[in-house]
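>>> Please find the sequence and the predicted model below.
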Amino acid sequence: MTISERIFERLKQLSMTQKDFAKKAGIQESTISEWKKNKTNPSSDKILAICKALDVTPEWLLSGVDPAASRSKNQRYYAVDIETDSGILISKFNNLDKSQRDRILGYVEAIASMTQ
């Protein structure tokens, strides 16, 4: 199943119109119609907006794999919206030098061990 097929399947599940989806995702209706008509996939810059509008993960949208179905497996990566707390934290963390990052990781380990 392609990305666009998953999008339209999800729209059916949610009983959401293409118009509502376009408004919620901030994508032009004509672009969405092109995906359906030409069976093309959205460009990469639209993926997170689509996921947010459809309440799905990028992993599901891109691959059809539902991470909730395999929660016991450790994920090796995450897709994070830059405007969330996690995204802001990662962005700021990446701007630190190595010694500062190591220090932050030490704090995180210490806090995590207190909650276990």
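Received, thanks. Numbering: from 1, shown residues only.

>>> got the domain boundaries for the protein?
Using automatic domain parsing, the domains assigned to the chain come out as 3-70, 85-114.

>>> Next, the distance between the ends of the shortest one.
Distance between the two ends of domain 85-114: 22 Å, counting by Cα to Cα, to the nearest Å.

>>> For that domain, could you pull out the residues that count as buried?
For domain 85-114, a neighbour-count test (16 or more other Cβ atoms under 10 Å) marks nothing as buried. Placement of C-beta: from N, CA and C, glycine included.

>>> quick one: low-confidence ranges for this structure?
The model of the chain has pLDDT under 70 over residues 67-78.

>>> if I pick Gln116, what's in contact with it?
Listed by Cβ atoms under 8 Å, 6 or more residues apart in numbering, Gln116 has no contact partners.

>>> what about it, distance to Glu109?
Note on Gln116: its distance to Glu109, by Cβ to Cβ, to the nearest Å, is 11 Å.

>>> thought Gly64 was touching Glu5?
No. The criterion here is Cβ atoms under 8 Å, and Gly64 misses it with Glu5 at 9.3 Å.

>>> ok so, going back, relative to Ala79, which of the domains of the chain is closest?
If you check each of these against Ala79 by Cβ to Cβ, domain 3-70 wins as the nearest, at 4.0 Å.

>>> Might you calculate how far the closest one sits from the centre of the chain?
11 Å (Cα atoms, centre = their mean, to the nearest Å).

>>> Next: stretch 96-109.
A distance of 26 Å separates the centroid of the chain from that of stretch 96-109, by Cα atoms, centre = their mean.

>>> The residue nearest the centre of the chain and Ser4, how far apart?
The residue lying closest to the centre of the chain (Cα atoms, centre = their mean) is Pro58, at 4.0 Å. From Pro58 over to Ser4 the distance is 15 Å, taken as Cβ to Cβ.

>>> And for Ile104, nearest residue in space, chain neighbours not counted?
Spatial nearest neighbour of Ile104, excluding adjacent residues (Cβ to Cβ, 6 or more residues apart in numbering): Phe93 at 6.3 Å.
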